[in-house]
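Undergrad: Task: produce atomic coordinates for the following.
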Amino acid sequence: MSEQLTSQQIEQARAEWVRAQFQKANEYLASKGIVPDNVAASESRYLPPYMAVWKLNTKDKQSYWVISGDLPTDHMAFAAAPNARDAVRAFSMHWQLKAQQIIDAGIKDKTQQDFANLLINRAHSLYDMFSQDQLWQAEAVS
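TA: Numbering: from 1, shown residues only. Next up is the predicted model:
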């Protein structure tokens with residue numbers, strides 16, 4: 001007997017994932033000393049269960065892109081990208097550079113090697129997502 005999820009269960013799971021990623025993004029910024037105030041939901045994008053890209057505004061009127069999901073949580077100034085799709089590309093490029101810096105500095109242990117490999121892998125995945133027009137058209141509608 002196969003267990004089929006109803007559309008309501010799928011939507012509930014999606015909503016829970018989005019909520020969890022939103023909380024993760026807020027906690028991440030707070031850990032960096034940045035106090036989020038609100039989210040620009042219309043400019044944020046979600047691709048459960050892979051990634052969420054949030055435009056978060058702070059109490060001091062700054063805005064940041066924050067990425068979370070099945071990848072390292074990270075942030076950048078909103079000025080670095082005009083929209084969520086370009087933010088995904090910017091994170092991809094940033095992670096490739098960061099991985100190269102780790103490699104160039106000389107990898108001293110397995111943890112550094114694993115992290116550099118993770119950054120490279122996720123950077124390639126992000127760029128693939130950035131490149132797929134249909135992902136962004138479908139996401140803009142939902």
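Undergrad: list the helices and strands the lengthiest helix in the chain packs on?
TA: In the chain, ranked by residue count with DSSP state H as the criterion, the top helix is helix 7-31. If you count contacts as 3 or more CB pairs under 8 Å, 6 or more residues apart in numbering; DSSP states H and E, helix 7-31 packs onto strand 36-39, strand 45-47, strand 51-58, strand 63-69, strand 74-77. All C-beta atoms are positioned from the backbone trio N, CA, C, and that covers glycine.
Undergrad: I'd like those written out as TSV, with mean pLDDT and mean neighbour count added.
TA: TSV is the format used below for these (pLDDT from 0 to 100; neighbours: other CB atoms under 10 Å):
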stretch	mean pLDDT	mean neighbour count
strand 36-39	94	14
strand 45-47	93	20
strand 51-58	96	22
strand 63-69	97	23
strand 74-77	97	16
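Undergrad: Could I get those strands in CSV, plus columns for distance to residue 127?
TA: Formatted as CSV, the helices and strands packed on helix 7-31 follow (distance: least, CB to CB, whole Å):
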stretch, distance to residue 127
strand 36-39, 25
strand 45-47, 14
strand 51-58, 12
strand 63-69, 13
strand 74-77, 15
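Undergrad: Nearest to residue 14, out of those?
TA: Nearest to residue 14 among the helices and strands packed on helix 7-31 is strand 45-47 (7.9 Å), distances taken as CB to CB.
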